[in-house]
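Peer 1: task: produce atomic coordinates for the following.
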Amino acid sequence: MRLLLILALAACGPFSAAAERQPNVILFVTDDQSPIAGCYGNRVIRTPHLDALAAEGTRFTHAFATTASCSASRSVILSGLHNHRNGQYGHTHAFHKFESFESVAAVSLPLQMAQAGYRTASIGKYHVAPERVFHFDHYLPGNGRNAREMAGNCKALIGEESEQPFFIYFCTSDPHRGGGTDKNFPGKHKPDLFGNKPDKGAHKGIKEVIYSPADVIVPEFLPDTPECRAEVAHYYQSCSRIDQGLGHLVQILKDAGKWDNTVLIFTADHGMAFPGGKTTVYEAGLRVPFVVRHPQAAKKGVVNNAMISHVDITPSILDLAGAFDAPRRAPRKLVGVPKAPRGENYGKVPKAYHGRSWIPILSESNPEGWDSIDASHTFHEIQMYYPMRVVRDRNYKLIWNVAYRQPYPFASDLWAAATWQAQWDQGPEAKYGGRSVDSYINRPQFEFFDISSDPSESRNLAADPKYAGLLETYKAKVKEMQKRTGDPWIMKWSYE
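Peer 2: Okay, the predicted model is just below:
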């Protein structure tokens with residue numbers, strides 16, 4: 001009888017029996033948010049719902065984007081491959097027109113989740129291409145500047161009775177720059193509103209949290225100026241608006257009876273949109289908040305010091321779905337990719353991910369073997385060619401500025417930022433955090449930091465003879481990473 005029961009369950013197919021054990025999954029991704037929150041030690045900003053999520057789950061202290069650029073980063077999140085391998089080297093919208101290779105469909109997160117029996121839905125910012133590679137079953141409407149409204153628009157899908165679990169890719173547009181400037185600021189350079197309404201107005205259904213510039217904590221990489229403080233205050237407000245949306249989403253899950261069978265992952269595509277953060281591979285650009293609440297985790301309120309990055313997201317979510325082959329770091333089954341038409345470059349079909357699953361370590365504080373990450377940036381906007389490759393462990397960090405002979409190119413909105421312009425007006429020697437205006441724009445070929453004692457990356461050791469041997473060791477690590485991940489820019493070691 002036991003044998004007959006096993007055979008009967010097997011005959012039902014892989015998803016009917018698996019549906020009961022597969023959790024629902026929500027991947028909540030914000031736009032340009034650094035790990036600045038109550039649960040990350042900031043005593044000023046109000047993020048009670050993220051703090052509560054961390055108290056019930058696992059808060060990663062060393063989580064990193066692999067590139068601090070929106071489209072490129074999202075392609076990594078949804079493929080488990082560095083953008084130099086998946087082909088989305090920069091922005092996809094308008095004339096920028098970068099997009100991933102068609103072959104990436106084989107390992108694409110939404111396609112893999114659908115294959116694993118999930119109903120898939122995307123809401124808010126999408127910003128990857130082509131759609132057929134990152135296809136979702138449902139595209140829900142929602143104002144990306146109002147995460148509470150977005151949460152409400154997920155209610156029907158969450159409450160739907162189905163034998164299939166759901167996977168929701170929930171992406172806000174906050175706290176990205178935009179929405180105009182603060183005309184009430186007395187200075188020449190007007191701070192960006194970061195999506196906030198002018199004159200302390202409120203988005204529908206939101207109890208806006210207004211911050212005084214005098215109260216905010218200016219990150220070390222930024223200048224402590226009136227312009228910067230005003231922009232950080234607007235940034236805080238935008239983050240608090242996200243938090244209200246997160247809280248509403250959690251309540252909807254609880255009301256629908258889905259909270260105890262839903263894994264909620266909260267992170268950002270990369271760090272905050274200030275010069276020195278976004279579009280750089282400095283810590284402020286790569287460090288992101290990362291909180292995972294798994295209802296079946298053995299422990300709650302875990303503070304996990306593992307070094308993880310965005311290449312680990314797809315493998316981890318597939319692990320939750322039972323669709324990940326951990327020893328091979330690959331999907332259990334590739335999604336079929338049509339043969340490329342004559343003359344088309346579909347790219348080589350990827351067989352494995354660059355990352356791995358952090359599901360087995362959710363209840364650990366200091367898991368072994370999670371002590372380094374890689375990063376790779378090439379473009380932001382199409383006119384911003386500035387490839388950088390990075391290896392970073394717990395002791396040292398090496399940045400290879402491949403195009404170091406040219407000035408560092410600014411994103412258009414970061415160049416216009418009041419925080420930057422106020423310092424630019426003062427000339428090349430003006431201080432900008434731990435750097436000068438000139439040193440921020442004109443960078444050496446290699447930037448080598450003792451990250452354990454110099455977390456602000458203010459002392460470049462690359463030219464110090466005492467570190468010459470160690471520098472060569474880390475150069476070799478960069479080359480090994482590029483070879484392992486299929487980086488076309490590896491050839492730049494051979495010439496120029």
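
Peer 1: low-confidence ranges, the stretch 351-496 of the chain, go.
Peer 2: Across the stretch 351-496 of the chain, nothing is flagged by pLDDT under 70.

Peer 1: would you confirm that residue 298 contacts residue 363?
Peer 2: Yes. Proximity of residue 298 to residue 363 meets the contact threshold set by C-beta atoms under 8 Å, at 4.3 Å. C-beta: built from backbone N, CA, C; applies to glycine.

Peer 1: tell me which of the two has more neighbours.
Peer 2: Applying other C-beta atoms under 10 Å to residue 298 and residue 363 shows that residue 363 carries more neighbours, namely 14 against 9.

Peer 1: and the next helix or strand past the helix or strand of the chain with the lowest mean pLDDT?
Peer 2: Ranking every helix and strand in the chain by mean pLDDT, DSSP states H and E puts helix 2-11 at the bottom, with a mean of 40. Toward the C-terminus, helix 2-11 is succeeded by strand 24-30 as the next helix or strand (DSSP states H and E).

Peer 1: and that next one, what does it pack onto?
Peer 2: helix 70-77, strand 166-171, helix 226-255, strand 262-268, helix 313-321 (3 or more C-beta pairs under 8 Å, 6 or more residues apart in numbering; DSSP states H and E).

Peer 1: can you list the strands that that strand pairs with?
Peer 2: In the sheet, strand 24-30 lines up against strand 166-171 (parallel), strand 262-268 (parallel) (DSSP bridges).

Peer 1: okay, buried residues for it please.
Peer 2: 24-30 (16 or more other C-beta atoms under 10 Å).

Peer 1: picking up where we left off before, now the strands paired with strand 24-30 in a markdown table, with mean neighbour count, mean pLDDT and distance to residue 468?
Peer 2: Shown next, in a markdown table, are those (neighbours: other C-beta atoms under 10 Å; pLDDT from 0 to 100; distance: least, C-beta to C-beta, whole Å):
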| stretch | mean neighbour count | mean pLDDT | distance to residue 468 |
| --- | --- | --- | --- |
| strand 166-171 | 26 | 98 | 44 |
| strand 262-268 | 24 | 98 | 37 |
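
Peer 1: include distance to residue 101 when you put those strands into CSV, please.
Peer 2: As requested, the strands paired with strand 24-30 are exported to CSV (distance: least, C-beta to C-beta, whole Å):
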stretch, distance to residue 101
strand 166-171, 20
strand 262-268, 24
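
Peer 1: to residue 464, which of the ones you listed lies closest?
Peer 2: Closest to residue 464 of those is strand 262-268 (C-beta to C-beta; 33.9 Å).

Peer 1: name the surrounding residues that touch the closest one.
Peer 2: 23-34, 50, 53, 57, 63, 65, 246, 249-250, 253, 288-295, 310, 313, 317, 320 (C-beta atoms under 8 Å, 6 or more residues apart in numbering).

Peer 1: what's the answer for stretch 454-464, then?
Peer 2: Stretch 454-464 is touched from outside by 220-221, 282-283, 397, 433-435, 444-451, 467, 471, with contacts defined as C-beta under 8 Å, 6+ apart.

Peer 1: just the terminal-to-terminal distance for it.
Peer 2: Using C-alpha to C-alpha, to the nearest Å, the end-to-end distance of stretch 454-464 comes to 15 Å.

Peer 1: what comes up buried for that stretch?
Peer 2: Under 16+ other C-beta under 10 Å, the buried positions of stretch 454-464 are 456-457, 460-462.

Peer 1: pull the most distant pair out of those residues.
Peer 2: Greatest spacing in those, by C-beta to C-beta: 456 and 462 (16.5 Å).

Peer 1: thought residue 314 was touching residue 80, still the case?
Peer 2: Yes. In this structure residue 80 lies within contact range of residue 314 using C-beta under 8 Å: 3.4 Å.

Peer 1: which of the two has more residues huddled nearby?
Peer 2: In this view residue 80 and residue 314 are compared by other C-beta under 10 Å, and residue 80 has more residues nearby, 32 against 28.

Peer 1: name the SS class of that one, please.
Peer 2: Here residue 80 is coil, with the state taken from DSSP: H, G, I helix; E, B strand; the rest coil.

Peer 1: if I look at residue 339, how far off is residue 135?
Peer 2: As for residue 339, its distance to residue 135 is 19 Å (criterion: C-beta to C-beta, to the nearest Å).

Peer 1: comparing these two, which residue is more hemmed in?
Peer 2: residue 135 (15 against 7).

Peer 1: who are the contact partners of the closest residue to residue 427 other than its chain neighbours?
Peer 2: In this structure, residue 427 finds its nearest non-sequential neighbour in residue 437, 7.0 Å apart by C-beta to C-beta, 6 or more residues apart in numbering. By C-beta under 8 Å, 6+ apart, residue 437 lies in contact with 423-424, 426-430.

Peer 1: same deal with residue 198?
Peer 2: Contact partners of residue 198, counting by C-beta under 8 Å, 6+ apart, are 179-180, 182-183.

Peer 1: where does pLDDT dip in the stretch 1-150 of the chain?
Peer 2: 1-20.

Peer 1: quick one: the helices in it?
Peer 2: Ranges of helices within the stretch 1-150 of the chain are 2-11, 48-56, 70-77, 83-86, 109-115, 147-153, based on DSSP state H, counting those that start in this stretch.

Peer 1: for the stretch 251-400 of the chain, same thing?
Peer 2: In the stretch 251-400 of the chain, the segments counted as helices under DSSP H, counting those that start in this stretch are 283-286, 313-321.

Peer 1: adding mean pLDDT and distance to residue 166, write those out as CSV.
Peer 2: Below are those laid out as CSV (pLDDT from 0 to 100; distance: least, C-beta to C-beta, whole Å):
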stretch, mean pLDDT, distance to residue 166
helix 283-286, 98, 30
helix 313-321, 98, 11
